[in-house]
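Chemist: next comes the sequence, and after it the predicted model I'd like to discuss.
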Amino acid sequence: MQPIPRILGVLAVILASILWGTTGTAATFAPSLSPLLVGAVAMGIGGILQCLLAFTQIVAQRHLLIKYYNLLILGAVAVAIYPLAFYTSMRWSGVTIGTVVSIGSAPILSVIIEYFNRDFRLTKQWLIGAILGLLGILLLSFSDNNTEYLVYEHLIMGIFLGIVAGLTYALYSWSARQLMLKGISTKSAMGATFGCGGLLLMPIIMVMGASLFDSFTHLAVAAYMATIPMFLGYLCYGFGLANIPASTATAITLLEPVIATILAILIVGESLSLIGWLGILLIIICLIFITMPKKQQ
């Protein structure tokens, strides 16, 4: 893998993670909206915008997309399930735990998927980084002081949905990457995958979307989440997937809960214990290990 495209791919995924890290804070400005609607609007509209941007390339490569329809369907279904599980997990188990479980489980599940498809070779460097990252997200999760106010059943269900979100996140990352490796352009692979996933989310918007017009704030939050974190963020993520493995990309997104936590402190007014700051430090060290070029033999 050439060093410059790899570095650009890493930087693109870091930028995507920063943009995604703003979603939790943005959602707090519209607490009365259903998490299902928030997820459907963010990923659904954002996905369709990606599809429209890549429409010409999708039409030109439609024969390849039809040939590998199984990967396209897998990715689209995962795209549709992910935001519903992710935002409901945050609502039921808290923003910190929901984000940490969802994003933290994705790299491990991504490695398992790639390992069974013989796309991943485990190295000591990656293993050390992953262990540090997992330890970091555990510390960040346990630093949340709001868990005592959560209903136990909601907390458990929120954690379960976080794992579902992590699995679907890993699945659509892997399937999009596989489409690119089959000769399909980045724009076509991401646009088709997220466009089809967005269409699957449209019924939720049609059924529940009336509450978006209850206030200007609801519309502003929905517009922001659909265009900036989802549309622009996934454009960056798609560029990253074209240049680095899906397991590396999902591992880099461990930065997302760090950004979400920092924004919650600065904007929402939440506080973070010393354990939480230690968790953030371990996640940053994890990113250095995972993104650092491997030594040449």
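Modeler: Cool, got the structure.

Chemist: from the chain's centroid, how far away is the helix or strand containing Ile285?
Modeler: Remark: Ile285 resides in helix 274-291, with elements defined by DSSP states H and E. Mean-position distance between helix 274-291 and its chain equals 18 Å (Cα atoms, centre = their mean, to the nearest Å).

Chemist: now stretch 177-194
Modeler: That offset, for stretch 177-194, works out to 17 Å (Cα atoms, centre = their mean).

Chemist: hmm, back to that, what's the mean pLDDT across the helix holding Ile285?
Modeler: Averaged across helix 274-291, the pLDDT comes to 78.

Chemist: swap in stretch 67-78?
Modeler: Rounded mean pLDDT across stretch 67-78 is 95.

Chemist: ok, back up a step: what is the helix holding Ile285 packed up against?
Modeler: Applying 3 or more Cβ pairs under 8 Å, 6 or more residues apart in numbering; DSSP states H and E, we find helix 274-291 packed against helix 124-142, helix 246-252, helix 255-263. For glycine as for every other residue, the C-beta is placed from the backbone atoms N, C-alpha and C.

Chemist: could you say what helices and strands the shortest one packs with?
Modeler: For helix 246-252, the helices and strands in contact under the criterion 3+ Cβ pairs under 8 Å, 6+ apart are helix 3-20, helix 95-116, helix 124-142, helix 152-181, helix 233-241, helix 274-291.

Chemist: average pLDDT across it?
Modeler: 79.

Chemist: what's in contact with it?
Modeler: The contact list for helix 246-252, computed with Cβ atoms under 8 Å, 6 or more residues apart in numbering, reads 9-10, 13-14, 17, 106-107, 110-111, 113-114, 119-120, 126, 129-130, 133, 169-170, 173-174, 176-177, 237, 240-241, 286-287, 290-291.

Chemist: ok, now the first one?
Modeler: When contacts are defined by Cβ under 8 Å, 6+ apart, helix 124-142 is touched by residues 96-97, 100-101, 103-104, 107-108, 111, 247, 251, 254, 257-258, 261, 275-276, 278-283, 285-290, 292, 294.
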